[in-house]
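Colleague: need a structure here:
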Amino acid sequence: MMKVAFITNICPHYRVKTFETLASYYKVDYYFFSAGDEWYWQRQHGVRAGNFHYEYLPGYKLGHSRVTPTLPWKLLRGNYDVYIKCINGRFALPLTYLVARLKRRPFILWTGIWMRLRTPFHRLAFPLTRYIYHHSDAIVVYGEHVKRYLINEGVSAERIFVAAHAVDNDTYNREVTEEEKAALRRKLGIAPDQKVVLYLGRLEEVKGLPHLLEAFASLSREDAVLLIAGTGSERKRLEQKAQELNIMSQTHFTGYVPPEETVPFYAITWVYVLPSITTPESKETWGLVVNEAFNQGVPIIATDAIGAAAGGLVQGGVNGFIVPERDSAALAQALQRILDNPGLREQLGQNARRIIASWDNERMVMGFRQAIEYVTKRLGIFTVS
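Modeller: Predicted coordinates for the structure are as follows:
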């Protein structure tokens, strides 16, 4: 069986099933080089593991880089046929690429980035990033939006393979009882007849939440509440803005919600809003909350700065609406349409369930399998059946 080294920062809760599925096709050794302290990661989530062979490697911080001294020896001595590496890791990425070249084995890059990041570091490092784009034997991407970006950067389309970003649908599509829904509403202080507009995720600048607050406030509705579930550095600022907009009585800040407790939140939701924006440091690579909400038949309003929208999962007028980023008026208009039209909301929700049913981990892993088959055939290692 083909032996694969898969190097990435951590195993988050939403990737356990993906990694298990890939490991059912190949002999995969997963090397996790981080302690789970990335700026974009909620530390309360912790890190996970699953039914696959893995190691969390010890390391230390050197500036903004995580150095894992044992990684090169693991990769050099492992006798691997293929090396797969995610885009992040200022130490681990060039190291893995170098080892693959020294061993004369194919290197596959996995990335969800679909813009040139504009921080001073990323500007300085972009020549190296571009070199890896152009010299990887294959690139696996989150969606078609990333593929388009890489083609614009001069990467050959034949070397790019889409691993449609997925969650474990069985976890999120379970039936939530009326008793569970009622209990959650009581806990949150939400009346049975109030329509819930939900945001669930990190409370950070890139999420564009001030625009959601402005949009909701402009509707002046008594039949709806805004539920903001999550934690982050922007919470106090958001609470202050809600007070300034006179919607604090209709806005519920729940704090952190563990992944295992999110499904009932989606089940009581009328519409989910993901108002993310582009910043120099980031652009929403996907937004897996979209996959999660769709599994409960919840329509989505997403901005065009979200990978799940640019990558084709959110389809305007089919399972939700896509609005321009930072456009509170357009967001309010989309909210109004769904809140005012139960029939439309039902249709969008049904389409959401239908579409997400095929957006699963087998489909995601197929992108990796296609990339592995491509590089092994092209380099003459052996043919993957």
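Colleague: low-confidence regions, this protein specifically.
Modeller: When the per-residue scores of the chain are filtered using pLDDT under 70, the ranges that remain are 381-385.
Colleague: so how far is K27 from N79?
Modeller: 11 Å (C-beta to C-beta, to the nearest Å). In this view, the C-beta of every residue, glycine as well, is placed from N, C-alpha and C.
Colleague: ugh, typo on my part, it should be F294
Modeller: When distances are taken as C-beta to C-beta, F294 and K27 turn out to be 33 Å apart.
Colleague: circling back to that earlier point, neighbour count winner among N79 and K27?
Modeller: Using other C-beta atoms under 10 Å as the criterion, N79 and K27 rank with K27 on top: 12 against 9.
Colleague: return the backbone torsion pair for the more buried one.
Modeller: For K27, the backbone dihedrals are phi -90, psi 100 (criterion: degrees, to the nearest 10).
Colleague: any idea what it is bridged to?
Modeller: In this structure, K27 has the following beta-bridge partners (DSSP bridges): K3.
Colleague: buried stuff in stretch 95-105?
Modeller: For stretch 95-105, burial by neighbour count (16 or more other C-beta atoms under 10 Å) applies to 95-97, 99-100, 103, 105.
Colleague: sorry, slip of the keys, the one I care about is stretch 2-22.
Modeller: Using 16+ other C-beta under 10 Å as the burial criterion, the residues of stretch 2-22 that qualify are 2, 4-22.
Colleague: equivalent analysis for stretch 352-361, please.
Modeller: By neighbour count, and taking 16+ other C-beta under 10 Å as the criterion, the buried residues in stretch 352-361 are 352-353, 355-356, 359-361.
Colleague: re the thing from before, now, the buried residues of stretch 2-22 that are in strands?
Modeller: 4-8 (DSSP state E).
Colleague: let me know the closest of those residues to T303.
Modeller: Closest approach between those and T303, by C-beta to C-beta: T8, at 27.0 Å.
Colleague: can you count the residues close to the residue nearest to that closest one when sequence neighbours are not counted?
Modeller: The spatially closest residue to T8, leaving aside those adjacent along the chain, is C86, at 4.2 Å (C-beta to C-beta, 6 or more residues apart in numbering). Using other C-beta under 10 Å, C86 has 18 neighbouring residues.
Colleague: likewise N341?
Modeller: Other residues within reach of N341, judged by other C-beta under 10 Å, total 12.
Colleague: re earlier: quick one: which of the buried residues of stretch 352-361 is nearest to L117?
Modeller: Of all these, L117 sits closest to W359, with 26.7 Å by C-beta to C-beta.
Colleague: pretty sure that closest one contacts A164?
Modeller: Yes - with contacts counted by C-beta atoms under 8 Å, W359 reaches A164, the gap being 5.8 Å.
Colleague: joint contacts of these two?
Modeller: Where contact means C-beta atoms under 8 Å, 6 or more residues apart in numbering, the residues bridging W359 and A164 through contact with each are L313.
Colleague: one step back: export the ones in strands among the buried residues of stretch 2-22 as JSON lines, with columns for distance to I139.
Modeller: As requested, those are arranged in JSON lines below (distance: C-beta to C-beta, whole Å):
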{"residue": "V4", "distance to I139": "16"}
{"residue": "A5", "distance to I139": "17"}
{"residue": "F6", "distance to I139": "15"}
{"residue": "I7", "distance to I139": "15"}
{"residue": "T8", "distance to I139": "15"}
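Colleague: taking those residues together, which two end up most distant?
Modeller: Farthest pair in these (C-beta to C-beta) is V4 and T8. Separation: 12.3 Å.
Colleague: disregarding residues adjacent in the polypeptide, which is nearest to V99?
Modeller: Distances taken as C-beta to C-beta, 6+ apart place L75 nearest to V99, at 4.4 Å, with adjacent residues excluded.
Colleague: burial count for E261?
Modeller: Residues within reach of E261, counting by other C-beta under 10 Å, total 11.
Colleague: could you check how far it is from G255?
Modeller: When distances are taken as C-beta to C-beta, E261 and G255 turn out to be 12 Å apart.
Colleague: then I268?
Modeller: Distance, I268 to G255, by C-beta to C-beta: 17 Å.
Colleague: same question for A183.
Modeller: The gap separating A183 from G255 is 18 Å, by C-beta to C-beta.
Colleague: what number of residues lie near the residue nearest to N173 when sequence neighbours are not counted?
Modeller: Closest residue to N173 apart from its sequence neighbours, by C-beta to C-beta, 6+ apart: N295 at 4.0 Å. Look at N295: counted by other C-beta under 10 Å, it has 23 neighbours.
Colleague: right, and N295 touches E175 too?
Modeller: No - the pair N295 and E175 does not pass the contact test of C-beta under 8 Å, sitting 11.0 Å apart.
Colleague: buried residues, the top helix by length along the chain. List them.
Modeller: In the chain, ranked by residue count with DSSP state H as the criterion, the top helix is helix 361-378. By neighbour count, and taking 16+ other C-beta under 10 Å as the criterion, the buried residues in helix 361-378 are 361, 364-376.
Colleague: just the angle between that helix and strand 3-8, please?
Modeller: With axes from the mean of the first three to the mean of the last three C-alpha atoms, to 10 degrees defining the directions, helix 361-378 sits at 120 degrees from strand 3-8.
Colleague: just checking, what packs against helix 361-378?
Modeller: Here helix 361-378 touches helix 16-23, strand 82-86, strand 107-111, strand 138-141, strand 160-162, going by 3 or more C-beta pairs under 8 Å, 6 or more residues apart in numbering; DSSP states H and E.
Colleague: these into a markdown table, with extra columns for distance to P324?
Modeller: As requested, the helices and strands packed on helix 361-378 are arranged in a markdown table below (distance: least, C-beta to C-beta, whole Å):
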| stretch | distance to P324 |
| --- | --- |
| helix 16-23 | 32 |
| strand 82-86 | 30 |
| strand 107-111 | 25 |
| strand 138-141 | 24 |
| strand 160-162 | 25 |
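Colleague: tell me which of these sits nearest to L227.
Modeller: helix 16-23 (26.9 Å).
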